[in-house]
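Novice: Just need the structure, nothing else, for what follows:
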Amino acid sequence: MPKQIVLALLAAATLSAAPAAAQVSQQIVITGGQDGPMQMPPRGQAAKTGTAMLRGRVLTMDTGQAIRRAQVRVTGPELGMKSALTDANGRYEFKDLPAGRVTVSVSKGGFVNMQYGQTRPFEPGRPIELSDGQLMEKVDVALPRGSVISGRVVDEFGEPVTDAMVTAMRISFAGGRKRMVPAGRIGQTNDLGQFRIYGLPPGEYYVSATYRDLGSLAMDISLGPMGPTSGTGSMPTSGYAPTYFPGTASPAEAQRVTVGVGQEMTGIDVSLQPVKLARITGQAMASDGRPLSSAMIMLMPASRDAGIFMPGGTTRTNASGQFTLNGVAPGEYSLQVRSTGPMVIDAGGGAMMFSMTSTDAPGNNNARQEPEFASVPVAVNGEDVSGLIVMTTHGAHASGRVVFDGGVRPDGTAQIRVSAPSADPDGGPTVGSGVGQVHADGTFELNGLAGARIIRPGTLPKGWILESVHLNGADITDTGYDFKPGEDVAGVEILLTQQTTEVDGTVTDTQGQPLKEYTVVVFSTDQNKWALPMTRWTQSARPDQEGRFRIQNLPAGSYYAIAVDYVAQGDWNDPDWLTRASAKASTFTVREGAGTSLNLKLAR
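Specialist: Just a heads-up that it's a prediction; the model follows:
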């Protein structure tokens, strides 16, 4: 499901659940994607300006013609993001850029999104190192024409299915294992059941079709207990499971579709698999034993193999805490229950976060300073599930302190935020991920925690990095902590240090000639660290315009380093890939507060 649709539905749900007099604040953070994480200045800190300039052109890869009105974005940790459109000659220009490392990415409808220095699909681009007063020209980007997958979606009778969502997915290593992840745009069928997914990089894809009326879904959310999902009238008893080309509900039986550069693969027809739909009814109870009214109910698929995040059903509870979800297809789900109040959706490993806070209206008998939530597994096999009682909880409370190596508190402490994303990428989207501000004395609090969580500080003062996270003397930096509902966990200590590390260097070919096209992957010699959630022990880098690579802020320890001609983004987190790479890699040591220079040869 497109992220913008997910966010819109979640926003509608929470806003509709909030009282009219509520005060609402919103925050949306999206990371990931082909362009990598969005780089933004620390909260409350304005983007820096400087005296550097960038100029370049955007051209078609096949003919070299100028592309007008292509969107060009330049991003950097201090710059944030600037964007511009190319002129009639395909030219663009950025002025007043600060010194530092930036990336340039380009997008245009009908073409593959590309970064400067990117030469292959799913490859990270190359960074640009700018100095004060520098004018860097010829930052040109050639866009290949996007590949296309087109076809029809039909029902079991061969009739066209309108408004089905069609997704092209590729196999990638994500969330600790190989799985299908969405790639490119989402297609939607027209009145003839036809779809066309365009702008795809060349490669191998699996095609999935899902039918669920988004208009009804949004109405279910916004109307809540008065909406159609809560009624007892006639509802559909049959529907369709998410179906993979050519016509199977099992990802393991899906067939691959291969497309070349600019190729259109037609005739990819998907026959939706009919299933018996079920109804889920139940009651949500608060931790004090009272019915939980106007709570948001969302049924999320438990499996992430196919990267399907579309709700299996959404509604809200009535005044008695009762809820009904209609039209639920067979499958394994996680039933998410959420009272009004602060809201965080975490898709695992910090991949996507949506948070919203609200204050209940005065006089509301159900007003609570802290939101309550619950997440329970539900298996649906075509038969109705009734009498489900869900007890919500405030979740665990964690408190602690941020301390600074050397005891000197720097400026900017108030901008630090502490978060606790899920350490289990397959645990399903979870509410109550916890985001807390660090106070002037260095203390912080996190509320609404449940399950295994990794604690991480963000928006750190310049020059400071994470050293460790301890809980009552135990190191939980990489393993995290398993929070129990209602637990009060005190004594979390986050140590920050100025003992930063940096690894840089160059790569040569077998004849000793310097290279400017390669990818370097650095990873721990300890295999136990390869599969850690949100691992700090594996990083990759592409060379800048001078052919040098740079990797910063690795923890001190022993590492492998390998330079390869090509590796798809994210594949370096696959333990199988790392095992093969370790046989050809060099070893070196990273020491606290020290820099290391490497001269690597391209591995063959």
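Novice: Tell me which stretches of the stretch 101-250 of the chain form helices.
Specialist: All helices of the stretch 101-250 of the chain, identified by DSSP state H, counting those that start in this stretch, fall at 214-223.
Novice: shaky segments in it?
Specialist: Segments of the stretch 101-250 of the chain classed as low confidence (criterion: pLDDT under 70) are 175, 212-236.
Novice: can you do 50?
Specialist: Counting by pLDDT under 50, the stretch 101-250 of the chain has low-confidence residues at 215-233.
Novice: Strands along that one, start to end?
Specialist: Counting by DSSP state E, counting those that start in this stretch, the stretch 101-250 of the chain has strands at residues 114-115, 128-130, 135-136, 141-143, 147-154, 165-174, 177-188, 194-200, 203-210, 238-241, 243-244.
Novice: and Arg401, which of those is closest to it?
Specialist: Distances from Arg401 to each of the strands of the stretch 101-250 of the chain were compared by CB to CB, and the smallest falls on strand 165-174, at 33.7 Å. Yep, even glycine has a C-beta here, placed from its N, CA and C like the rest.
Novice: partners of the closest one, with directions?
Specialist: strand 177-188 (antiparallel), strand 203-210 (antiparallel) (DSSP bridges).
Novice: Can I get stretch 551-562 in CSV? Just the C-alpha atoms.
Specialist: What follows is stretch 551-562, C-alpha atoms only, in CSV (Å, rounded to 0.1, in the frame of the first residue of the first chain):
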residue,chain,number,x,y,z
ILE,A,551,32.6,5.6,6.6
GLN,A,552,32.0,7.3,10.0
ASN,A,553,31.1,6.3,13.5
LEU,A,554,31.6,2.6,13.5
PRO,A,555,31.9,1.1,17.0
ALA,A,556,35.5,0.2,18.0
GLY,A,557,36.3,-3.4,17.1
SER,A,558,37.7,-5.8,14.5
TYR,A,559,36.3,-5.5,11.0
TYR,A,560,36.3,-6.9,7.4
ALA,A,561,36.5,-4.6,4.5
ILE,A,562,35.7,-5.5,0.9
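Novice: Return the per-residue confidence for the residue of the chain most remote from its centre.
Specialist: Taking CA atoms, centre = their mean, the residue of the chain most remote from its mean C-alpha position is Gln511, at 41.0 Å. Note on Gln511: pLDDT of 92.
Novice: Can you list the residue ranges for helices in the protein?
Specialist: Listed in chain order, the helices of the chain (DSSP state H) span 3-17, 214-223, 575-582.
Novice: low-confidence ranges in the protein?
Specialist: For the chain, the ranges with pLDDT under 50 are 1-39, 43-44, 215-233, 306-309, 341-368, 428-429.
Novice: Domain map for it?
Specialist: For the chain, the structural domains run 3-30+147-391, 52-143, 396-497, 502-601, going by automatic domain parsing.
Novice: Can you give me the separation between the closest residue to His394 other than its chain neighbours and Arg548?
Specialist: If the residues on either side of it in the chain are set aside, His394 comes closest to Glu370, at 4.9 Å by CB to CB, 6 or more residues apart in numbering. In this structure, Glu370 lies at 50 Å from Arg548, with CB to CB, to the nearest Å as the measure.
Novice: next one: Val503
Specialist: Summarising the geometry, the distance separating Val503 from Arg548, computed by CB to CB, is 11 Å.
Novice: These two: which has the busier surroundings?
Specialist: Val503 (23 against 17; other CB atoms under 10 Å).
Novice: thinking again about what came up before, neighbours of the residue nearest to His394, how many?
Specialist: For Glu370, the neighbour count with other CB under 10 Å is 16.
Novice: do the same with Pro121
Specialist: Taking other CB under 10 Å as the neighbour definition, Pro121 ends up with a count of 20.
Novice: Return the set of residues that bridge with Val590.
Specialist: On DSSP bridges, the residues paired with Val590 through beta bridges are Gly557.
Novice: I figured it hits Ile551, correct?
Specialist: No. Counting by CB atoms under 8 Å, Ile551 is not a contact partner of Val590; they are 9.4 Å apart.
Novice: Touching both of these two, which residues are there?
Specialist: Common neighbours of Val590 and Ile551, counting by CB atoms under 8 Å, 6 or more residues apart in numbering, are Val503.
Novice: Quick one: residues contacting the residue nearest to Gly547 when sequence neighbours are not counted.
Specialist: The shortest distance from Gly547 to any residue that is not its chain neighbour, by CB to CB, 6+ apart, is 4.1 Å, and that residue is Lys516. When contacts are counted by CB under 8 Å, 6+ apart, Lys516 touches 543, 545-547.
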